[in-house]
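A.B. asks: here is a sequence together with a model predicted from it:
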Amino acid sequence: MTALPLGRVAIFGGGVEGWMTAAGLARATGGRASLRLVETGPGPRGALSTLPSLRSFHALLGLDEAALMAATQATFKLGTRFSGWTPGTSFCNAFGELGASLEGVGFHHYWTRLQQAGGAPPLDDFNLAAVMARSGRFSPPASDPRSPLATLAYGLHLDAGAYVAVLRELATRRGVAVSQGAVGEVLRRETGDIAAVILAGGERIEADLFVDCTGAEARLIGSEPFEDWSSLLPADRSLRLRADVRRDAPALTEIEAAAEGWRWRIPLRDGVESGLTYRQDLTDDETALKAARTGLPKHGLSDPEVTPLRNGRRTRSMAGNCVAIGTSAGVVEAMDAADLHLVQSGVTRLIALFPRPGDAAVAAAEYNRLGEETLLRVRDLAITHYRLGQRTDGALWALGRTGPVPEPFAYRLAQFESRGRVVMYDEETFLEPHWIATLTGHGLLPRRYDPLADRMPLEKTRAMLERMRLIFRQTAESLPTHAAALAGVAP
């Protein structure tokens, strides 16, 4: 039998969000849906810092990673280095495993035991990816499970405009039609479903499913209530610029807290992006620009781009025959680089729950449940940086430190502080090692550790951790530099 067609899908917005959606749907529906993307604004600018999960999305699309990296001026990413959140301290939140379990007990319990017995080396020393990044090295994961490299994972740093060009070519080759135009009017039926979208030029676009990728404007789903998180995440503005700096940067995103806000550095092969996320009523744009330019040369800088930021989410990201993906569905400050993951998560959920006649309401309920859980967990990690940071030289940090605390987040902190237990909820984006590195990196240390860790004599524990630390250091030193690894993958 010939499969029934999946109907007409109209995607509005373009950019990274729109073209990830178009490429994903084109690959998944295999020509059984009529797909059209209407680009409603200018193309994207800037650099993207991604999580390892994006590589699985690229595999779904059939993208060759080396070709993608060459086309997008990409570099590898082993994690994120945080500095300045508590003055004078820094830590690396790297991908991959943290140490290794010993006799069935989580590694961080042994590390906590040593810490309480007089001191332990930095936790970063027991994450191979962090050690590699610190020494400017890189290698892909090893297939041999006995190798320390088998625990690695990595993301990428990509140029946004070039990335969209790759996705656009892939999607249009698979049948996605594309046009340009601004959204003029959204016509709805009595049921609340969208009947058609009228573009500013007068064209009428009808579809069975409408996808809102119009960003914070949320031109299609904007009538849905918005849950504001500004009391939890106080920043409301972001400034970015590109510096023409070519250097052998480590495979890391840099996130640095300053008096004005938090600053980022994303290394590409032809330059570095710098930016500042801040609060407009506390820091004006001129001051933010000076802070973003800190440490960069005076010449070879692009014009700054300022973007409003509103942390929060739509209470329903799928309503009737409209689904919002990306920032039209919800926004969390991107200090943990989860923004593209949230887009990917929305696309893959849509593929898995593609609404069909007779089950649209059931699919929407599950889509919204999973989307809410995913956003809340990403939000909680972002709150962690504000809540535990100890900066006192900016009003932004006081707002973040004293804001309300959601109950699931408070429970997670209390469990870890009490006994080193890492509470994991449904739909977590970040795994247990990521949470341990974040909490301990910001100075939240467990008061107690798993008593089973006492089965091993203290000196034996110390010797085993030191041996593990030495193996990680020697492994990192034996690997190619990040620059050499890039040259080998995509010259």
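C.D. replies: Structure received.

A.B. asks: what's the end-to-end length of stretch 149-160?
C.D. replies: 29 Å (Cα to Cα, to the nearest Å).

A.B. asks: quick one: residue 488 and residue 76, what's the gap?
C.D. replies: According to Cβ to Cβ, to the nearest Å, residue 488 and residue 76 sit 11 Å apart. C-beta: built from backbone N, CA, C; applies to glycine.

A.B. asks: more neighbours: those two, which one.
C.D. replies: residue 76 (22 against 11; other Cβ atoms under 10 Å).

A.B. asks: ramachandran coordinates for the more buried one?
C.D. replies: Backbone torsions of residue 76, given as degrees, to the nearest 10, read phi -80, psi 160.

A.B. asks: correct me, but it touches residue 136?
C.D. replies: No: using Cβ atoms under 8 Å, residue 76 makes no contact with residue 136, being 11.3 Å away.

A.B. asks: so what sits against both of these two?
C.D. replies: Contact criterion Cβ atoms under 8 Å, 6 or more residues apart in numbering; residues shared by residue 76 and residue 136: residue 482.

A.B. asks: what are the ranges of the strands in the stretch 51-200 of the chain?
C.D. replies: 75-77, 79-83, 90-94, 155-159, 177-180, 183-188, 194-199 (DSSP state E, counting those that start in this stretch).

A.B. asks: if we compare those, which one ends up closest to residue 213?
C.D. replies: For the strands of the stretch 51-200 of the chain, the distance to residue 213 is smallest for strand 183-188, at 11.4 Å, taking Cβ to Cβ.

A.B. asks: which strands and helices sit next to the closest one?
C.D. replies: Counting contacts by 3 or more Cβ pairs under 8 Å, 6 or more residues apart in numbering; DSSP states H and E, strand 183-188 is packed against strand 194-199.

A.B. asks: could you list the low-pLDDT ranges of the stretch 351-491 of the chain?
C.D. replies: Applying pLDDT under 70 to the stretch 351-491 of the chain flags residues 357-358, 491.

A.B. asks: where does pLDDT dip in the stretch 51-200 of the chain?
C.D. replies: In the stretch 51-200 of the chain, no residues with pLDDT under 70.

A.B. asks: what about the helices in it?
C.D. replies: With DSSP state H, counting those that start in this stretch as the criterion, the stretch 51-200 of the chain has helices at 53-61, 65-71, 107-116, 128-134, 160-173.

A.B. asks: I'd like these as CSV, with distance to residue 82 and mean neighbour count appended.
C.D. replies: Converted to CSV, the helices of the stretch 51-200 of the chain look like this (distance: least, Cβ to Cβ, whole Å; neighbours: other Cβ atoms under 10 Å):
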stretch, distance to residue 82, mean neighbour count
helix 53-61, 20, 16
helix 65-71, 25, 16
helix 107-116, 18, 22
helix 128-134, 12, 27
helix 160-173, 23, 19
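
A.B. asks: for stretch 116-125, give me every contacting residue.
C.D. replies: Stretch 116-125 is contacted from outside by 91-92, 94, 98, 108, 111-112, 114, 130-131, 134, 436-437, 440-441, 449, 458, 465-466, 469, 472-473, using Cβ under 8 Å, 6+ apart.

A.B. asks: mind redoing it with 7 Å?
C.D. replies: Contact with stretch 116-125 is made by 91, 92, 111, 114, 130, 131, 437, 440, 458, 469, 472, as judged by Cβ atoms under 7 Å, 6 or more residues apart in numbering.

A.B. asks: quick check: buried residues in that stretch?
C.D. replies: By 16 or more other Cβ atoms under 10 Å, the buried positions in stretch 116-125 come out as 120, 123, 124, 125.

A.B. asks: cool, stretch 196-205 as well?
C.D. replies: 196, 197, 199, 205.

A.B. asks: among those, which two are most distant?
C.D. replies: So, the buried residues of stretch 196-205 by Cβ to Cβ: farthest apart are 196 and 199, at 10.1 Å.

A.B. asks: give me the common contacts of the two.
C.D. replies: residue 205.

A.B. asks: can you name the helix or strand that residue 272 falls in?
C.D. replies: strand 271-278 (DSSP states H and E).

A.B. asks: now the angle between helix 160-173 and that strand, please.
C.D. replies: Strand 271-278 and helix 160-173 meet at an angle of 100 degrees, taking axes from the mean of the first three to the mean of the last three Cα atoms, to 10 degrees as the criterion.

A.B. asks: give me the sheet partners of strand 271-278 and which way each runs.
C.D. replies: strand 237-243 (antiparallel), strand 261-268 (antiparallel) (DSSP bridges).

A.B. asks: pick the most deeply packed of the ones you listed.
C.D. replies: Comparing these by mean neighbour count (mean count of other Cβ atoms under 10 Å), strand 261-268 ranks first with a mean of 24.

A.B. asks: now the angle from that one to strand 79-83?
C.D. replies: Strand 261-268 and strand 79-83 are oriented at 140 degrees to each other (the same axes, to 10 degrees).

A.B. asks: my read: residue 403 touches residue 231, true?
C.D. replies: Yes: shown here, residue 403 and residue 231 form a contact pair, counting by Cβ atoms under 7 Å, at 5.1 Å.

A.B. asks: who has more neighbours out of the two?
C.D. replies: Using other Cβ under 10 Å as the criterion, residue 403 and residue 231 rank with residue 403 on top: 16 against 12.
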